[in-house]
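In: have a look; sequence and predicted model below, questions after that.
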Amino acid sequence: MKKIKVLKPVLVSNQQRAKENRSMFDRMNSLVINIIASPGAGKTSFIKNLITGLKGSHKILVIEGDIKGQIDSESISRLGVDVIQINTATECHLDAFMTAQVLPKIKKNYDLILVENIGNLVCPAEFDIGEDFKLAILSTPEGDDKPLKYPLLFHLARVTVINKCDLLPYVDFRPDIARKNIKRENPRAVIFEVSSKTEQGFEEVFRFVSKEINARQKKDKH
Ligand SMILES: Nc1nc2c(ncn2[C@@H]2O[C@H](COP(=O)(O)OP(=O)(O)OP(=O)(O)O)[C@@H](O)[C@H]2O)c(=O)[nH]1
Ligand SMILES: [Mg+2]
């Protein structure tokens, strides 16, 4: 049977739409972070910690991607921030078109838009949605070899957060090897080690994200 190559055109048209989304985010003056990790790595927990640390100083919106349901959206809205849900039904990632569909729902300007992508280490990395940067989360029970086995995400992610560091005494995860593996895929990656449960390591993340928001807003003034 003859195979038809469709992935390339799909990605090209996604790229075009992502560019249009990015222009819209630029006009809104928002820093957009696309958060990608495997199911259960701690995306929602990380987002909730970020909200707690930054909501006093910044206006935050969360775009929540799930195959089905709104469990994460509901727990995030209880923190008093706006949330927009995208249910993808069968798709294992968010793409630029799905993101574009919810953009008209954004009725005010936010300093920070956090996008929780579908739990998956593979497909979400392939689709630009118009974000400023991708942030990967690697949790310690998953193993320190994952950056080498799922290289695209760790290659593209400007930031990798090693989460669940409170579990280090109980799991075979070597932070120094994980850092080496992340840097092998992306030598310029910014790496944080945190626990979303104990909040250890978050001060540094808050400083980094605040700096990025400020840099973004200065850029727009020029
Ligand atoms: N011990 C420990 N547990 C954590 C940490 N972060 C998250 N968890 C727990 O891990 C489980 C999954 O966390 P979530 O934040 O829901 O993970 P997620 O990546 O959003 O999951 P999906 O949206 O289903 O893909 C929950 O039981 C959290 O309480 C952490 O740093 N340490
Ligand atoms: Mg979640």
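Out: Looks like it came in fine. Numbering: from 1, shown residues only. Ligands and ions are numbered 1, 2, ... in the order given.

In: in which helix or strand would I find L11?
Out: helix 7-28 (DSSP states H and E).

In: quick check: what element follows that helix along the chain?
Out: Following helix 7-28 toward the C-terminus (DSSP H and E): strand 31-36.

In: could you report the neighbour count for the residue in the chain that ligand 2 sits nearest to?
Out: Closest residue of the chain to ligand 2, CB to the ion: T44 (3.3 Å). To be clear about C-beta, it is placed using only N, CA and C from the backbone, and glycine gets the same treatment. T44 is flanked by 21 other residues according to other CB atoms under 10 Å.

In: now it: how far from S13?
Out: To S13, T44 is 30 Å away according to CB to CB, to the nearest Å.

In: what's the pLDDT at the most centrally placed residue in the chain?
Out: Geometric centre of the chain, nearest residue: I35, 1.0 Å, by CA atoms, centre = their mean. pLDDT, I35: 98.

In: ok, the one 5 residues further on next?
Out: pLDDT recorded at G40 is 98.

In: helix, strand, or coil at it?
Out: Three-state assignment for G40 (DSSP: H, G, I helix; E, B strand; the rest coil): coil.

In: what's near enough to touch it?
Out: Applying CB atoms under 8 Å, 6 or more residues apart in numbering to G40 gives the contacts G119, S139.

In: quick revisit: hmm, I76 and the residue of the chain closest to ligand 2 touching each other?
Out: Yes: T44 is within contact range of I76, at 6.9 Å (criterion: CB atoms under 8 Å).

In: V62: helix or strand, and which one exactly?
Out: Per DSSP H and E, V62 falls inside strand 60-66.

In: thinking again about what came up before, how about the contacts made by the residue nearest to the centre of the chain?
Out: K43, F46, I47, L114, V115, E116, N117, K134, L135, I137.

In: helix or strand right after the host helix or strand of S75?
Out: Here S75, judged by DSSP H and E, is contained in helix 71-77. With elements assigned by DSSP H and E, the helix or strand that comes after helix 71-77 is strand 82-87.

In: chain center to that following strand: distance?
Out: Relative to its parent chain, strand 82-87 has a centroid offset of 14 Å by CA atoms, centre = their mean, to the nearest Å.
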